[in-house]
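Peer 1: Predicted model and sequence below, questions to follow.
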Amino acid sequence: MRLENFEPYLDPRAHGSLEEAVGEVERLGRMVQGLLALARLENTATTPEPVDLDAVVAERVAMWEPLAAEQYVTLDITGPPAGPVWAIPGALEQIIDNLLANALRVSPPSTTITLHRTPGTELHIIDQGPGMNDADRARAFDRFWRSSDSHHDGTGLGLPIVRHLVDASGGSISLHPAPGTGLDARIHLRPVTARPRGPRPGGEDFASRRALSRETQTAGRG
């Protein structure tokens, strides 16, 4: 039985409480999906493969641009082409999606989210939102952690998932203050000229990779 089914029988004064309850149930559902995605990541072999970073960035920006336009936010790709990098299958797409979702959530109208490529296969995702203080940045990758001034219904699992995907790909991620205001999420992935790390223990097949991708995209953002 769905909570929404009770709405016709409720006193109008209780509708606000029902909406809050429905929202909390949905958030808990996303949290479960996030936990499943993390558990699968931690117990699945993850062999990095060559991925065209420039093509993935362009593809994800094209996908997110309509939603950004609805919020009067511009997405901009800058910097020289980075070329192919090592990443586990599907990881780069999920990393960019999570970080763009976070950036859009805090970006005021008439601002820009910049995806900037730098030499050394480093990708910056920079927003012009309120940013994070030092203490928040230090804890942002902790599971279930949410900023004390957070006004969204995230699960606190989006950024931990991002870090795990980056780590499994042999890279690193860090958060820094952006020039002016905002946050600069820096993802460093190794170019294909460097040798990838071997797979972690555990088995993996094509079906499990697809299941992982669905669960991670369903999970709430950090």
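Peer 2: Cool, got the structure.

Peer 1: Report the secondary structure state of F141.
Peer 2: Three-state assignment for F141 (DSSP: H, G, I helix; E, B strand; the rest coil): coil.

Peer 1: so the residue nearest to it when sequence neighbours are not counted, which of the three states?
Peer 2: Once flanking residues are discounted, F141 sits nearest to R163: 4.7 Å by C-beta to C-beta, 6 or more residues apart in numbering. To be clear about C-beta, it is placed using only N, CA and C from the backbone, and glycine gets the same treatment. Following three-state DSSP, the label given to R163 is helix.

Peer 1: Same check on G129?
Peer 2: With three-state DSSP as the basis, G129 sits in coil.

Peer 1: And it, what's its pLDDT?
Peer 2: Note for G129: predicted pLDDT of 93.

Peer 1: From here on, call the first residue 320.
Peer 2: Taking 320 as the first residue, the last one we looked at is G448.

Peer 1: so where do the strands sit in the protein?
Peer 2: Applying DSSP state E to the chain gives strands spanning 368-371, 392-397, 403-406, 430-437, 441-445, 491-496, 502-507.

Peer 1: okay if I get these as JSON lines plus mean neighbour count, distance to R458 and mean pLDDT?
Peer 2: Formatted as JSON lines, the strands of the chain follow (neighbours: other C-beta atoms under 10 Å; distance: least, C-beta to C-beta, whole Å; pLDDT from 0 to 100):
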{"stretch": "strand 368-371", "mean neighbour count": "16", "distance to R458": "29", "mean pLDDT": "94"}
{"stretch": "strand 392-397", "mean neighbour count": "15", "distance to R458": "26", "mean pLDDT": "97"}
{"stretch": "strand 403-406", "mean neighbour count": "24", "distance to R458": "26", "mean pLDDT": "94"}
{"stretch": "strand 430-437", "mean neighbour count": "18", "distance to R458": "23", "mean pLDDT": "96"}
{"stretch": "strand 441-445", "mean neighbour count": "22", "distance to R458": "19", "mean pLDDT": "96"}
{"stretch": "strand 491-496", "mean neighbour count": "16", "distance to R458": "10", "mean pLDDT": "95"}
{"stretch": "strand 502-507", "mean neighbour count": "20", "distance to R458": "14", "mean pLDDT": "96"}
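
Peer 1: between those, which gets nearest to D461?
Peer 2: strand 491-496 (12.4 Å; C-beta to C-beta).

Peer 1: Which neighbours in the sheet does that closest one have, and how are they oriented?
Peer 2: Strand pairing for strand 491-496, using DSSP bridges, gives strand 502-507 (antiparallel).

Peer 1: The strand it pairs with versus strand 430-437: what angle between them?
Peer 2: Here the directions of strand 502-507 and strand 430-437 differ by 20 degrees (axes from the mean of the first three to the mean of the last three C-alpha atoms, to 10 degrees).

Peer 1: Show me the helices in this protein, by range?
Peer 2: 334-361, 372-389, 410-425, 453-458, 477-487, 525-537 (DSSP state H).

Peer 1: first vs last residue of stretch 490-503, how far apart are they?
Peer 2: End-to-end distance of stretch 490-503: 17 Å, with C-alpha to C-alpha, to the nearest Å as the criterion.

Peer 1: what comes into contact with that stretch?
Peer 2: 404-406, 414, 422, 425, 443-451, 456, 459-460, 481-482, 485, 504-509 (C-beta atoms under 8 Å, 6 or more residues apart in numbering).

Peer 1: same thing but 7 Å
Peer 2: 443, 445-451, 456, 459, 481-482, 485, 504-509 (C-beta atoms under 7 Å, 6 or more residues apart in numbering).
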